[in-house]
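Trainee: Below: sequence and its predicted model.
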Amino acid sequence: MTLARPALDPELRELLADMPLMSRLSPEVLARLRPLSSTPVEPLLEHRRVDRRELTVPAKDGAPIPLSVISPASPAS
């Protein structure tokens, strides 16, 4: 069974469109991107109603990959 990819958030799709390297991620591209500083997510989320979960998942080689899962806030939140 093949799962359909979820639609990207319109803001994220616009952001990724301006980042041509993102369509060609490779070890070399990742090595060039890692030193660049990233914007802290907290100020971006400050006035938005979102649920945020922090997870760690194993990579193919078993190395831990930290993930932030951000989704619209549930009505009960």
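Mentor: Nice, I can see it.
Trainee: where do the strands sit along this structure?
Mentor: 50-58, 64-72 (DSSP state E).
Trainee: For the ones you listed, give me TSV that also has mean neighbour count, mean pLDDT and distance to residue 14.
Mentor: For every residue, glycine as well, the C-beta is placed using N, CA and C. Supplementary listing: the strands of the chain in TSV, determined by neighbours: other C-beta atoms under 10 Å; pLDDT from 0 to 100; distance: least, C-beta to C-beta, whole Å:
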stretch	mean neighbour count	mean pLDDT	distance to residue 14
strand 50-58	10	92	18
strand 64-72	10	89	17
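Trainee: Which one, of those, ends up nearest to residue 11?
Mentor: Smallest distance to residue 11 across those (C-beta to C-beta): 11.9 Å, for strand 64-72.
Trainee: follow-up on the earlier one: any chance of a markdown table for the strands of the chain, columns distance to residue 35?
Mentor: Formatted as a markdown table, the strands of the chain follow (distance: least, C-beta to C-beta, whole Å):
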| stretch | distance to residue 35 |
| --- | --- |
| strand 50-58 | 23 |
| strand 64-72 | 18 |
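Trainee: Please name whichever of those is nearest to residue 32.
Mentor: Here strand 64-72 is closest among those (C-beta to C-beta), at 19.2 Å.
Trainee: quick one: low-confidence ranges for the protein?
Mentor: Applying pLDDT under 70 to the chain flags residues 1-6, 8, 20-25, 37, 77.
Trainee: That one: helices as residue ranges?
Mentor: Per DSSP state H, the chain carries helices over the ranges 10-17, 27-33, 41-45.
Trainee: So which of those helices is nearest residue 62?
Mentor: Comparing the helices of the chain by C-beta to C-beta, helix 27-33 comes nearest, at 17.4 Å.
Trainee: May I have the closest one as PDB, with CA atoms only?
Mentor: Output in PDB follows, covering the C-alpha atoms of helix 27-33 (Å, rounded to 0.1, in the frame of the first residue of the first chain):
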ATOM      1  CA  PRO A  27      25.500  14.500   2.000                       C
ATOM      2  CA  GLU A  28      27.400  17.300   0.300                       C
ATOM      3  CA  VAL A  29      24.500  19.700   0.300                       C
ATOM      4  CA  LEU A  30      23.700  18.800   4.000                       C
ATOM      5  CA  ALA A  31      27.300  19.400   4.900                       C
ATOM      6  CA  ARG A  32      27.100  22.900   3.400                       C
ATOM      7  CA  LEU A  33      23.800  23.700   5.100                       C
END
